[in-house]
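Q: what would the 3D arrangement of this be:
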Amino acid sequence: MKKLLFLGACLVALASQPVMAQTGVVPSVAVVSIWYPGDGNQPYLQIDRDGKTERTTVLSLGIGEKITSNTVEARAKALRQTVIKLYKEGYVLKASLGHKEVDELIFVKEK
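A: Residues are numbered from 1 along each chain as shown. Alright, predicted model coming up:
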């Protein structure tokens, strides 16, 4: 009898909707895209959130220039400032995606 009651309780739990789906709360999502265009244009950061787009140019190498610690440090600093800004606004990093010319960081802020 205990097994039958336990099985019935499990089936009721599976048939019900998840709590998050019932609340109707839509989280705010911010997507940070780090673009590395291959056509000689400068790399840049782009933040898309709530219908707004912010774009920041990142220090780039000129044609024939070598990567130095200064250029790597400048790119890291620009990304770090963007992430700190989003964390201060209450966003939390949920995922990261990498592609050929763009890397994306997905931040979510639950209301």
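
Q: right, and the helix or strand after the one helix or strand in the chain whose mean pLDDT sits lowest?
A: When the helices and strands of the chain are scored by mean pLDDT, DSSP states H and E, helix 19-23 comes last with a mean of 59. Using DSSP states H and E, the helix or strand that directly follows helix 19-23 along the chain is strand 28-35.

Q: who does the residue lying closest to residue 50 once chain neighbours are set aside form a beta bridge with?
A: Distances taken as CB to CB, 6 or more residues apart in numbering place residue 28 nearest to residue 50, at 6.2 Å, with adjacent residues excluded. All C-beta spots, glycine's among them, are computed from the backbone N, C-alpha and C. Beta-bridge partners for residue 28, by DSSP bridges, are residue 109.

Q: and residue 28, how many residues sit next to it?
A: Residue 28 has 14 neighbours, counted by other CB atoms under 10 Å.

Q: wait, it touches residue 109, no?
A: Yes. If you go by CB atoms under 8 Å, residue 28 and residue 109 touch, sitting 4.4 Å apart.

Q: quickly list what's touching both of these two.
A: residue 91 (CB atoms under 8 Å, 6 or more residues apart in numbering).

Q: longest helix in the chain, by residue count?
A: Longest helix of the chain, by residue count under DSSP state H: helix 69-88.
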